[in-house]
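>>> Let's see this in three dimensions:
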Amino acid sequence: MLGLNNIERVKPGGLELVDRLVAVNRVTKVTKGGRAFGFSAIVVVGNEDGVIGFGLGKSKEVASAIAKAVEDAKKNLVRVPVINHTIPHETSARYGGANIFLRPASHGTGLIAGGAVRAVLESAGVHDILSKSKGSSNPHNVVKATFKALLDLRRPEEIARMRGVTLDKVFNG
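Down below sits the predicted model:
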């Protein structure tokens, strides 16, 4: 999907997925008979418990473009670590011109994110986080950069195993 090798793919069967429309674009193709209009949609789906995916769809009608995007998103589901409704550590990622920074926040902070980043984080089930989007505001690149940042996250158990220490040592130094 984004060229990352430590991702855990998920099958959509049995999951209660919620889809969120991020953006719809009207696109034009100029032909000898005039202009042919179409629509491009980007959608994020998730079970609001760490499983998310995004998809792109194109069609002559808005509804079918969205339906195609949802189907594409269901084919690209991945699991991201969400602990106590936030992320385990801060992370940042860049995709194209979009630069995303994510920092965990304490309970009650809320979802401090806008636009495309908010749609991805809500789908993942993140309720407390601080985020900053720099550079391009192109929804396609922002969604992909947010996914890249979330896929770079590591679980505390994984870090403890890599260091060869107990889980308590990871949190308490």
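
>>> Would you confirm that S123 contacts D49?
No: using C-beta atoms under 8 Å, S123 is not in contact with D49, being 10.0 Å away. No exception for glycine: its C-beta is placed from N, CA and C like everyone else's.

>>> Of these two, give the one with the bigger neighbour count.
Neighbour comparison, S123 and D49: the larger count goes to S123, with 25 against 12 (by other C-beta atoms under 10 Å).

>>> Show me what the strand or helix carrying E122 is packed against.
For E122, the host element (DSSP states H and E) is helix 115-124. Packing partners of helix 115-124 (3 or more C-beta pairs under 8 Å, 6 or more residues apart in numbering; DSSP states H and E): strand 18-31, strand 34-46, strand 51-59, strand 111-112, strand 129-135, helix 139-151.

>>> any chance of these in a markdown table, plus mean neighbour count?
Listed next are those as a markdown table, based on neighbours: other C-beta atoms under 10 Å:
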| stretch | mean neighbour count |
| --- | --- |
| strand 18-31 | 13 |
| strand 34-46 | 19 |
| strand 51-59 | 22 |
| strand 111-112 | 16 |
| strand 129-135 | 18 |
| helix 139-151 | 24 |
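
>>> E48 and V120 touch, don't they?
No: under the criterion of C-beta under 8 Å, E48 is not in contact with V120, lying 11.7 Å apart.

>>> rewinding a little: just tell me which of the helices and strands packed on helix 115-124 ends up closest to R103.
Closest to R103 of the helices and strands packed on helix 115-124 is strand 129-135 (C-beta to C-beta; 4.4 Å).
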